[in-house]
Structures are given as C-alpha cells and as structure tokens.
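I would like the atomic coordinates for the input below:
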Amino acid sequence: MKNFSILICINIFFLYSQNIDQIKRQLRDSGISPDQARQILIDQGYTEDQIRTEARMRDINIPGPNQLDDIDLINDNIDDGSFIESTTQPIQIIQTNDLEYYGYSIFQSNPDAFQSSSFGAVDPDYNIGPNDEIILMLWGESQFRQEFTVDREGYVFLPEVGQVFVNGLNLEALEKKFFQILSKVYSTLKPQTGIPTTFLDVSLANLRPLRIIVLGEVPQPGAYSISPSASLSSSLYYFNGPTNSGSLREIRLIRNGKQVGNIDFYDYLLSGNIPNDYRLQLDDIVFIPGRGKTVTIRGQINREGYYELKDDEGLIELIQIAGDLSATAYTNRAQISRIVPINQRNILNMDRMVLDIDLHEIIINKKDIKLSDGDEIEIFPIQDSFNNYVDIIGASIMRPGRYQLDDSMTVLDLINSADGLLNNVYTDLCHIKRLKNDLTVELISLDLNKILNGDTKENIELKFMDELIIYDSNELKNNFSTVTINGPIKNPGTYDLESGKTISDLLILAGGLNIGVNNVKITLARSNEQTFNPEIYKFPNEDFAYININNLSDPAFYINNFILKPYDMINVYSDPRDQISRSVNIEGAVFHPGTYPILSSEEKVSDIIRRAGGLLPEAYPLASSFIRDSLIIQLSFQNILKNPNSDENFTVMPGDQINILTKTNIVEVRGEVNQPGVYKHYSGFSLNSYLRIAGGLTNNAEKEEIWVTYPDGKSRQRKLFLPSPRVLDGSIINVGTKENVEGFDITEYSQNLTSILANLVQVFVLFNAISN
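Residues are numbered from 1 along each chain as shown. Okay, here's the model as predicted:
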C-alpha cells in the first residue's frame with residue numbers, strides 16, 4: 001500500500017504544475033524519502049536528465065543524486081513568494097511621428113553618386129602619398145615616359161637619379177622637384193644658354209584611397225577608406241552621415257590635432273553649394289558633434305519637420321529653411337509651444353507654455369523672434385470659405401453655378417452673367433435664399449417678370465452667399481404628364497405624354513406586342529375631370545371579342561385616332577386561344593428538334609416527343625432533362641416512354657424545354673477514394689469494380705454511406721447483405737466520410753486517472769483511520 005501511495009504522488013508530481021509546499025506535503029504524507037521518489041521514477045523508465053528537465057520546466061528545485069539529503073533544507077528555505085514575484089518591467093510606449101529630421105535621409109543614397117568625377121585634371125592641392133602612381137614624361141630631343149609608384153616611405157626611384165622623396169608634395173611642387181633633379185641629367189631640359197629642346201610633364205595616374213577617422217554622433221565610428229577626390233561634405237555618405245542626434249550645421253574637420261574648418265550641410269541641402277568645402281587628406285578626422293538647437297514646424301508650411309538652428313537664427317530663418325509658408329497659411333496668428341527653461345520653471349510655475357505670435361508683423365516688418373530648443377511652431381490654415389460669391393440655380397438658366405459678387409450687383413446682373421434664361425423659364429416667381437446675421441436662412445420671393453421688364457423695386461441688390469433660384473415652367477405647370485402601358489408588350493412601363501399621342505403611338509413606342517401575340521383586348525382607365533371617378537374604355541367594346549392590331553399604320557383603325565390624356569393607364573390582354581404564343585422547345589436526339597406549339601391544355605411530354613418524330617437510336621432517355629423556368633425537373637424519360645400514363649409524364653407549359661441527350665460513356669467517382677475523378681463506363685462493371693479503379697477507399701471512408709446517383713436524378717445506397725446498386729452510363733458514385741471522433745487525450749486521461757486514484761487513496765486512508 002505504501003508503494004501505491006508513492007506511485008500516486010509521483011504521478012501527481014509529473015501531471016500537475018503545483019508549488020513546492022504542495023509536492024513536499026504529498027511526499028511527506030506518503031512517507032517516502034527523496035531517494036525513494038527518485039528511484040521510483042528511474043524504475044518507471046525516467047533518466048536523470050529527464051527528471052531534472054521536468055523539474056526545471058515546472059520551476060521545481062529537484063537536486064542531483066548527491067544533494068538528496070538536503071532536499072528538506074532547500075525546500076524549507078524557499079519562500080512561496082519567490083515563485084510569484086513580479087518581474088514585470090514598464091513598457092516603453094513609442095509614439096510614432098510623421099515628421100522627419102530635415103536632411104538626414106539623403107545619406108541613404110549611394111556615396112559614389114555624390115563624388116566628383118574620376119576623370120579630368122587632378123586637384124592641384126592633392127598631396128601625394130604611398131601607392132599613388134606618378135607619370136613622368138620627357139619629349140623633344142630626349143624621349144622618355146615611365147610610371148612610378150610611391151613606396152610606403154614616400155619615395156620613388158628614378159633611373160639615373162636614384163631615390164626621390166615625394167610624400168606630401170602637391171602636383172606643382174612635385175613637377176618643380178623633378179625638373180630640378182632631371183635638369184642635371186638632361187642638359188637640354190635646362191641649358192646654360194639657348195632655348196630648351198627637351199620638355200618635362202608630370203601627372204598622376206591611379207590615386208590611393210584615403211583613410212579618414214570618423215568620430216562623434218555617427219552610426220559606426222572608426223576608420224573609413226574614401227575616394228581621394230572626396231571632400232568633407234561628400235565624405236559623409238561613406239558612413240551614412242550623422243545619426244539623428246548628430247549635427248548637420250557644424251561638421252568639423254580636424255587635422256594634426258587642430259580644427260582646420262567646418263561646414264554647414266544645410267548650405268548644400270538648400271542651395272546645392274557649400275561655400276567653404278575642404279579637400280580631405282590622409283588621416284584627417286571628421287567629427288560630428290551633437291545636434292544643436294532643434295525646433296519643430298508643422299501646419300501650413302511647405303516642408304514640415306524638425307530643423308536644427310544656429311544660435312543666431314530665429315523664426316524668419318526657420319520659415320526660409322522650411323521652404324516658406326504655403327499659400328493657405330494664416331498669417332495673423334501662429335503658435336509656439338515652448339518648454340520653459342529649468343531656471344524659470346519655479347518662477348513661472350509651469351513646465352510648458354504657449355505663445356501666440358503675429359506672423360504678418362514678423363514677416364513684413366522683419367521683427368524676428370528668437371527660438372528656443374524644443375520649440376514647436378504651428379502655422380494655422382486660412383478658413384475654407386469665400387466672401388464674394390453668389391449662386392444661381394435652376395433648370396431654366398443658361399449657365400447655372402457660382403459667380404463673383406461685384407459691387408451693387410443685382411438679380412438681373414446675375415442673370416445676365418449666367419448668359420440669360422431658357423424659354424421654359426417660369427416668370428411669375430423666383431426666390432432668393434439669404435443667410436441672416438443670426439445664421440438663419442430667409443426666403444425672399446420676387447416677381448421675375450417684373451425684374452426682366454426693368455422694375456427696380458423687384459430687382460434688388462444681392463448680398464454675399466445669396467442663392468437665386470429660377471424655376472422651370474414645365475415642372476411647375478406639370479406640362480410633362482405621363483401615361484402607363486402594361487401587358488404582353490416588349491417594353492411595358494411609363495412614358496411621357498406629348499400632345500396628340502394615340503394608343504397606337506404608345507404601342508409602337510413600347511416596342512409592339514410580344515412574339516406570337518396577335519389578337520388582343522385593350523382597356524384604358526382614365527380619371528373623370530369632374531367627378532374624379534375612373535372611367536374604363538374597352539377596345540373592342542365586347543367582353544369576349546379581340547382585335548388584331550398588326551396593322552397599326554392604318555389611319556382607319558380606330559385606336560389610331562384615340563388621343564391619350566395625362567395619366568391614362570392602358571392594359572393589353574392576349575387572346576388565350578392564340579396558340580402561337582404557347583410553345584415548347586425540344587432539342588437533342590430526336591428526329592425533328594425545334595419549337596412546337598401546345599395544341600391543348602392536356603398535352604404531355606410524351607406527346608411532344610412523338611410529334612418530334614420520336615427518339616433517335618443513340619438517344620439516352622435516362623440522361624435527358626426537362627427544364628421549366630430555368631429549373632431542371634427530375635423525371636425518368638425511360639418510364640415516361642414506356643408508360644405514357646405514368647405520373648412522371650408532365651403536362652407541358654409554355655416555355656418548357658426538353659433535352660434528349662446521348663450516352664456520355666463516363667462514370668464519376670467522388671468522395672473518400674484515393675483517386676477521385678471521371679472514368680470510362682464499362683458495361684457490366686460493378687460498384688466495387690469502379691471503387692477499385694479509383695484506388696480503393698481511404699481510411700476516412702464511411703462504408704455504409706456509398707451512393708450511386710443516376711442521370712435521371714434518382715439515387716441508391718449500397719447496403720450490407722444486399723446486392724450493390726447497378727452503375728449505369730453517366731452515374732455518379734459518392735463515398736461518404738466518417739464522422740469526426742475525438743482523439744484519445746493522454747493528458748486528460750492521466751488527470752482523470754490521477755483524480756480517481758487520489759480519491760481511492762483518501763478512501764483508503766479514511767478506512768484505515770476508522771479501523772484503527
């Protein structure tokens with residue numbers, strides 16, 4: 001029983017993430033030692049590494065074999081709080097900003113694109129050093145050309161002369177030195193008397209790359225190899241320029257321990273030129289100090305962003321650097337958000353402050369404002385409104401729209417500006433919508449006829465935002481009335497009524513009668529002008545009489561002379577005895593496919609097939625189809641043809657479609673087979689044969705859900721102990737899928753088992769307690 005309790009505790013140890021005190025209590029209550037616990041685990045197949053790994057995963061300090069004796073001491077010294085001690089660190093929230101620090105993005109470009117050309121003359125101030133190639137050429141009485149490479153000590157070896165030190169010389173000094181030395185060897189180069197007959201030329205071929213040191217606020221300080229033609233400004237591209245915390249306004253050049261100059265890179269960004277750029281030399285130091293006073297400008301400025309300013313630069317310079325104000329800038333007021341200097345915060349009792357400034361005064365009168373580090377300048381937009389326009393609207397205006405409001409502009413002036421009125425204008429009335437001072441709208445009624453005739457009282461002066469409304473007489477007087485026509489016509493609906501339009505005109509305008517409709521009855525509903533009760537007119541007047549209206553062009557035909565009135569409603573009814581309009585279409589494997597009129601209300605599918613000459617020898621009734629209102633009706637043509645009295649022998653209706661197909665010679669296999677697809681139909685093949693052709697059933701196949709669907713829409717299921725359904729040409733075999741069964745969960749099983757065992761132990765302990 002003791003070993004049984006030990007096993008329970010070990011299972012609990014590995015199945016639950018419990019704290020140390022709980023596990024320790026279970027171990028003590030079971031009466032086992034740590035050595036016994038470890039040995040039981042080893043007996044169950046666990047290795048020492050697995051035991052330690054499992055313990056580490058559960059934050060449990062399981063000692064090694066040599067530490068087991070101290071397990072109680074170790075566990076007793078562990079505070080429960082140590083397992084839930086918070087190690088949460090504050091989350092740094094990074095706020096994104098769409099503004100950029102001006103100028104820094106240019107350094108992401110290829111540095112070679114900003115270097116001077118490697119062709120052409122060498123800079124006269126270039127200092128010669130190791131690995132430079134010198135071309136020495138004599139011509140005239142003496143001919144000589146040779147290239148020399150400067151060695152590491154700065155020497156070149158000239159034939160017949162020896163070692164010559166050239167390190168640090170520029171091109172002019174080098175040529176003088178060579179001339180002085182070679183004139184001693186070639187007397188015709190510098191004769192004592194007379195004109196020289198030998199001439200000297202010195203040039204440089206391949207130049208060595210320069211090494212410079214880059215320090216300060218740069219992504220990667222250190223030594224860089226750059227082009228010998230690089231200047232201080234172009235060298236910035238080799239190390240991707242300063243970081244955002246580095247200055248672009250004071251880039252320093254240090255040579256031999258002394259600062260020999262600096263450049264303002266904003267000069268290059270804003271004008272494309274750097275006035276005092278410097279040619280770099282070997283071991284020059286480029287130093288990028290920290291970014292100076294930085295301010296932000298946003299709003300109605302052509303180039304928003306963060307800008308670095310010099311100490312003597314203010315708001316005017318900032319606006320110029322930022323590309324000037326945009327056209328929509330409001331100059332009467334701008335705003336500066338400023339960080340209060342540390343030494344003034346206690347005095348002002350604030351950390352930040354807002355300053356409103358008059359941009360117009362600053363720009364026009366050059367009254368600049370000094371800016372502080374961290375200032376944020378907001379340039380506001382002007383109002384999106386106009387103060388000098390009026391509108392004229394309406395369908396009777398030649399050119400409706402918005403117009404400039406001139407001084408003393410009247411209603412007639414605005415009409416003339418819009419190129420006048422159309423003939424359909426309503427002259428009795430026009431309106432002006434006017435915005436009052438309290439922002440409510442008033443409607444002013446005017447007599448347009450008087451305005452057009454020069455009445456100065458009606459022709460009032462317009463104000464800003466007035467809206468002149470001119471009306472259409474046709475709309476107000478309802479001159480454009482309508483009539484409606486419905487029935488078996490091609491385009492039923494509502495049509496405008498013009499003067500003199502007749503019923504026959506409306507029939508023609510609506511596209512005429514549908515195909516097959518010849519004899520019709522026409523009714524016209526009209527409202528009585530005195531009583532407002534509907535009046536019904538019939539054409540012809542007899543209830544069961546119909547007329548043929550194929551000759552609508554005949555002036556003697558009486559509907560050609562019946563004038564319509566506004567809002568007449570015409571209904572056209574076809575003669576139900578007109579069989580030409582009732583037809584069925586039959587296509588496919590019949591002797592005479594085509595359209596057949598329905599001869600009686602009792603005509604059936606078999607009758608139409610018989611009238612079409614019957615089926616061709618290759619016809620396959622089982623796969624044929626019957627379509628009504630775009631829906632396929634599942635019928636067995638085989639049964640219909642065998643037994644015309646069958647319930648499946650439909651009574652046909654106008655528009656029905658009969659399709660007699662031929663054999664497809666295929667069988668489709670779907671569902672849980674290894675190779676679903678379409679296969680050739682083999683006469684006499686069984687259901688199992690087709691399943692074998694399709695690769696057999698998958699592991700997920702439900703053997704009791706195998707169905708055969710026949711071309712006529714009927715289906716049969718394969719059942720145990722019964723013959724399998726036949727597979728006919730055009731059949732579809734579908735193999736169903738097993739229902740999803742939840743897999744065996746070893747964790748859940750172990751938890752449930754442990755719970756049951758723990759309950760058994762509790763019962764056993766209670767039983768022993770009762771027995772004692």
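
mind listing the helices for the stretch 501-650 of the chain?
In the stretch 501-650 of the chain, the segments counted as helices under DSSP state H, counting those that start in this stretch are 503-509, 605-611, 637-642.

redo those helices as a markdown table? Include mean pLDDT, mean neighbour count and distance to residue 174.
The way it works is simple: take the backbone N, C-alpha and C, and place the C-beta from them, glycine included. Shown next, in a markdown table, are the helices of the stretch 501-650 of the chain (pLDDT from 0 to 100; neighbours: other C-beta atoms under 10 Å; distance: least, C-beta to C-beta, whole Å):
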| stretch | mean pLDDT | mean neighbour count | distance to residue 174 |
| --- | --- | --- | --- |
| helix 503-509 | 89 | 19 | 102 |
| helix 605-611 | 90 | 20 | 112 |
| helix 637-642 | 85 | 19 | 109 |
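
okay if I get these as CSV plus distance to residue 407?
Shown next, in CSV, are the helices of the stretch 501-650 of the chain (distance: least, C-beta to C-beta, whole Å):
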stretch, distance to residue 407
helix 503-509, 54
helix 605-611, 86
helix 637-642, 90
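
out of these, the one nearest residue 697 is which?
Across those, residue 697 has its closest neighbour in helix 637-642 (31.0 Å, C-beta to C-beta).

the closest one: what's the following helix or strand?
Once the chain leaves helix 637-642, the next helix or strand it forms, by DSSP states H and E, is strand 657-660.

may I see the buried residues of that following strand?
658-660 (16 or more other C-beta atoms under 10 Å).

what do you get for stretch 697-712?
For stretch 697-712, a neighbour-count test (16+ other C-beta under 10 Å) marks 697, 701, 705-712 as buried.

how far does it stretch from start to finish?
For stretch 697-712, the first and last residues are 26 Å from each other (C-alpha to C-alpha, to the nearest Å).

ditto for stretch 485-502
End-to-end for stretch 485-502, by C-alpha to C-alpha: 12 Å.

and residue 556, what pLDDT?
Note on residue 556: pLDDT of 51.

residue 64 now?
Value for residue 64, per-residue pLDDT: 45.

what does residue 708 give?
Residue 708 is given a pLDDT of 91.

was I right to think it contacts residue 723?
No. Contact status for residue 708 versus residue 723: not in contact, 12.0 Å apart, counting by C-beta atoms under 8 Å.

what sits in contact with each of those two?
Common neighbours of residue 708 and residue 723, using C-beta atoms under 8 Å, 6 or more residues apart in numbering, do not exist here.

give me the below-cutoff pLDDT ranges for the stretch 601-750 of the chain.
740-745 (pLDDT under 70).

strands along that one, start to end?
625-628, 631-633, 657-660, 666-671, 677-680, 701-709, 715-717, 732-737 (DSSP state E, counting those that start in this stretch).

packing partners for the last one?
Same thing as strand 732-737. When contacts are defined as 3 or more C-beta pairs under 8 Å, 6 or more residues apart in numbering; DSSP states H and E, strand 732-737 packs onto strand 666-671, helix 687-693, strand 701-709.

residues in contact with residue 562?
502-503, 524, 537, 539.

dihedrals phi and psi, residue 360?
Backbone torsions of residue 360, given as degrees, to the nearest 10, read phi -60, psi -40.

repeat that for residue 453.
phi -90, psi 10.

if we can go back for a sec, would you mind giving the buried residues of strand 657-660 as CSV with distance to residue 436 added?
Below are the buried residues of strand 657-660 laid out as CSV (distance: C-beta to C-beta, whole Å):
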residue, distance to residue 436
658, 76
659, 75
660, 81
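
quick check: residue 659 vs residue 107, distance?
According to C-beta to C-beta, to the nearest Å, residue 659 and residue 107 sit 75 Å apart.

in which helix or strand does residue 136 reside?
Per DSSP H and E: strand 133-140 holds residue 136.

in its sheet, which strands sit next to that strand, and in what direction?
Sheet pairing for strand 133-140, assigned by DSSP bridges, gives strand 144-149 (antiparallel), strand 198-204 (antiparallel).

out of those strands, deepest packed?
Of all these, strand 198-204 carries the top mean neighbour count, a mean of 17, counting by mean count of other C-beta atoms under 10 Å.

ok, which stretches of the stretch 351-500 of the chain are strands?
Assigned by DSSP E, counting those that start in this stretch, the strands in the stretch 351-500 of the chain fall at 352-357, 376-381, 389-393, 401-404, 425-435, 441-446, 467-472, 481-486, 493-497.

test my guess that residue 694 contacts residue 669.
Yes. The pair residue 694 and residue 669 passes the contact test of C-beta under 8 Å, sitting 4.2 Å apart.

any common contacting residues for the two?
In contact with both residue 694 and residue 669: 675-677, 679, 733, using C-beta under 8 Å, 6+ apart.

top of those residues by number of neighbours, please.
Comparing these by number of neighbours (other C-beta atoms under 10 Å), residue 733 comes first, having 23 neighbours.

the closest residue to residue 613 other than its chain neighbours: how many residues sit nearby?
Closest residue in space to residue 613, ignoring its immediate chain neighbours: residue 591 at 2.9 Å, by C-beta to C-beta, 6 or more residues apart in numbering. By the criterion of other C-beta under 10 Å, residue 591 has 11 neighbours.

now residue 674: phi and psi?
Torsion angles, degrees, to the nearest 10, at residue 674: phi -70, psi -30.

likewise residue 759?
phi -70, psi -40.

and it, how far from residue 699?
38 Å.

now do residue 373
74 Å.

what do you get for residue 462?
Separation of residue 462 from residue 699 (C-beta to C-beta): 87 Å.

try residue 658
45 Å.

per-residue confidence at the residue lying closest to residue 452 once chain neighbours are set aside?
Distance criterion C-beta to C-beta, 6+ apart; nearest residue to residue 452, sequence neighbours excluded, is residue 427 at 6.7 Å. Here the pLDDT value assigned to residue 427 is 92.

before we move on, what about residue 548?
Value for residue 548, per-residue pLDDT: 73.

shouldn't it be in contact with residue 522?
No. Shown here, residue 548 and residue 522 do not form a contact pair, counting by C-beta under 8 Å, at 11.9 Å.

quick one, which of those two is more surrounded?
residue 522 (21 against 11).

which ones are touching that one?
Counting by C-beta under 8 Å, 6+ apart, the residues that residue 522 touches are 503, 538-539, 547, 559, 570-573.

let's see it at 10 Å
Going by C-beta atoms under 10 Å, 6 or more residues apart in numbering, residue 522 touches 485, 487, 503, 507, 537-540, 546-547, 549, 559, 562, 570-573.

for the closest residue to residue 569 other than its chain neighbours, list each beta-bridge partner.
The shortest distance from residue 569 to any non-neighbouring residue, by C-beta to C-beta, 6+ apart, is to residue 525 (4.4 Å). Under DSSP bridges, the beta-bridge partners of residue 525 are residue 536, residue 569.

pretty sure residue 525 is touching residue 564, no?
No. Counting by C-beta atoms under 10 Å, residue 525 stays clear of residue 564, with 11.7 Å between them.

joint contacts of those two?
Shared contacts of residue 525 and residue 564, counting by C-beta under 10 Å, 6+ apart, come down to residue 570.

neighbour count winner among the two?
residue 564 (22 against 14).

in this protein, which residue is closest to the centre?
residue 98 (19.5 Å; C-alpha atoms, centre = their mean).

can you tell me how far that residue is from residue 303?
With C-beta to C-beta as the criterion, residue 98 and residue 303 are 13 Å apart.

how far does stretch 442-458 stretch from start to finish?
Stretch 442-458 has its terminal residues 17 Å apart, counting by C-alpha to C-alpha.

list the buried residues in it.
Neighbour-count burial for stretch 442-458 [16+ other C-beta under 10 Å]: 446-448, 451-452, 458.

I'd like those laid out as JSON lines, including distance to residue 245.
As requested, those are exported to JSON lines (distance: C-beta to C-beta, whole Å):
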{"residue": "446", "distance to residue 245": "70"}
{"residue": "447", "distance to residue 245": "75"}
{"residue": "448", "distance to residue 245": "72"}
{"residue": "451", "distance to residue 245": "72"}
{"residue": "452", "distance to residue 245": "74"}
{"residue": "458", "distance to residue 245": "73"}
